[in-house]
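J.: Next one to model:
(2 chains)
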Amino acid sequence: MACSYHEAVLATDGSGDVTKGAGIGRQIAVDRRKAGNDVVVCGADPKENRREAREIEIAASDTGNYILHGAHSSPGANALNHYQAIAPPPHGHCFYETKGRKAK
Amino acid sequence: MKFFTTELFADLNSQDEDVVDRAEEKWEAAIKGYREHFRKIEEKLPRSLVQFSKNVSLHDSRVMSTPNPVVTLVATDDTGTRNSAIISVMHEHAEFYLIYQDLVEPSRVTHSVDCPRFDQRNVLWLYDEVGLAKSGVFSHEILLSNGDVIHVEFRGFRYTQRLIVGPRAAVEMEAAGQPGLSTA
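T.: Okay, the predicted model is just below:
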């Protein structure tokens, strides 16, 4: 099953919640990451989601200097795994859904 | 670190997809394990440390004064001499000062694994774990984005945040339920 790409909003209350917004095309997802905005890759296949999120992050970075962060550990946190630049820019995150962690 | 180890973080960033698959599963298990660990010790921790752990997320915040981010202070008064340690972290809207009181032993910084994704240019707070070393003695370990792990053992804890934003942003933080300036 194909992934879907969405605008994303990361909660500022410390919960780590990621809310998915409007569906967007893959290239727009890359452009949003280049601009430092958050996006989320959703779908039923976690490996495909991760692969797509990594490819988007690579495409958004001039240097390919990306890193994968596991979901945050704080008690109560509901974050998603995500790729981001090792040394921004771009700022922001490319989140992806896993088996047990979904965007809201 | 007992749960979010440097080795596990390095595996998450392996070039081998099978290694990453396994690391993702272990990471989920680590989250569950840490939450259970925290739940078991929560009542024995200082309230300030519980409040910090539950309410403050410093993930991706810049750790100041690297490569030696722990500042140790030796305070002497009529009751004796005590060591304290301070770590300062620049968050999005505030600078946090974590103050560890009555150190049991000198703080340490270790580096157990090399990974191409660790970076010295922009050292960020990644993950942390609090623990109960023994009755009345607490531990805090912090994994940084350069692969270093800070270890501190202490008897008391407080944290302070200093706003670095203008009045409008402060109002927005209050509206979002985040006090603009607080100490615990």
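
J.: can you list the residues of chain A near chain B?
T.: Taking CB under 8 Å from any CB of the partner chain as the criterion, chain A approaches chain B at residues A:12-14, A:16, A:46-47, A:50, A:67-77, A:79, A:81, A:84, A:86-88, A:98, A:100. Just so you know, the C-beta spots here come from the backbone N, C-alpha and C atoms, and that holds for glycine as well.

J.: can we see that at 10 Å?
T.: A:11-16, A:46-47, A:50-51, A:54, A:65-77, A:79, A:81, A:83-88, A:91, A:93, A:98-101 (CB under 10 Å from any CB of the partner chain).

J.: ChimeraX command to pick out the buried ones of these?
T.: Command for ChimeraX that selects the buried part of the residues of chain A next to chain B, burial taken from 16 or more other CB atoms under 10 Å in any protein chain shown:
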select /A:11,14,15,16,46,50,51,54,66,67,68,69,70,71,72,73,74,75,77,79,81,83,84,85,86,93,98,101
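
J.: who's in contact with the residue of chain B found nearest chain A?
T.: Residue of chain B nearest chain A, by CB to the nearest CB: residue B:27 (4.1 Å). For residue B:27, the contact set (CB atoms under 10 Å, 6 or more residues apart in numbering or on different chains) comprises A:68-71, A:73, A:81, A:98, B:3-4, B:8-9, B:11-12, B:20, B:127.

J.: Please, where are all the strands along chain A?
T.: Remark: strands assigned in chain A by DSSP state E are A:4-10, A:18-24, A:39-42, A:66-69, A:82-85, A:94-96.

J.: Who is the residue nearest to residue B:71 when sequence neighbours are not counted paired with across the strands?
T.: If you skip the residues right next to it in sequence, residue B:71 has residue B:86 as its closest partner in space, 4.7 Å away by CB to CB, 6 or more residues apart in numbering or on different chains. Beta-bridge partners of residue B:86, counted by DSSP bridges, are residue B:71, residue B:99.

J.: pLDDT value on residue B:86, please?
T.: Looking at residue B:86, its pLDDT reads 97.

J.: wait, it sits on residue B:75?
T.: No. When contacts are counted by CB atoms under 10 Å, residue B:86 is not listed as touching residue B:75 (11.7 Å).

J.: Neighbour count for these two, which is higher?
T.: residue B:86 (17 against 11; other CB atoms under 10 Å in any protein chain shown).

J.: List the residues that contact the more buried one.
T.: Counting by CB under 10 Å, 6+ apart, residue B:86 has contacts B:64-65, B:69-73, B:97-100, B:159-160.

J.: coming back round to it: go through the strands of chain A and name the closest to residue B:51.
T.: strand A:4-10 (22.0 Å; CB to CB).

J.: Quickly run through the sheet partners of that closest one, with directions.
T.: Applying DSSP bridges, strand A:4-10 is found paired with strand A:18-24 (antiparallel), strand A:39-42 (antiparallel).

J.: Look through chain A and state the residue closest to chain B.
T.: Here chain A gets closest to chain B at one residue, residue A:70, 4.1 Å apart by CB to the nearest CB.

J.: Could you pull up phi and psi at residue B:121?
T.: phi -70, psi -30 (degrees, to the nearest 10).

J.: pretty sure it is touching residue A:85, no?
T.: No. Counting by CB under 10 Å, residue B:121 sits too far from residue A:85 to count as a contact (11.3 Å).

J.: so what's residue 71 up against?
T.: No chain was given, so I picked chain A. Contacts for residue A:71 (CB under 10 Å, 6+ apart) come out as A:16, A:18, A:77-82, A:95, A:98, A:100-101, B:24, B:27-28, B:30-31, B:59, B:127.

J.: switch to chain B, that's the one I care about
T.: B:64-65, B:84-88, B:97, B:99, B:107.

J.: Just name the closest of the residues you listed to residue B:38, please.
T.: Closest approach to residue B:38 among those (CB to CB): residue B:87, at 19.8 Å.

J.: Buried residues of the longest helix seen in chain B, list them for me.
T.: Determined from DSSP state H, the single longest helix within chain B is helix B:17-41. Residues B:20, B:23-24, B:26-28, B:30-31, B:34-35, B:37-38 are the ones in helix B:17-41 that count as buried (16+ other CB under 10 Å).
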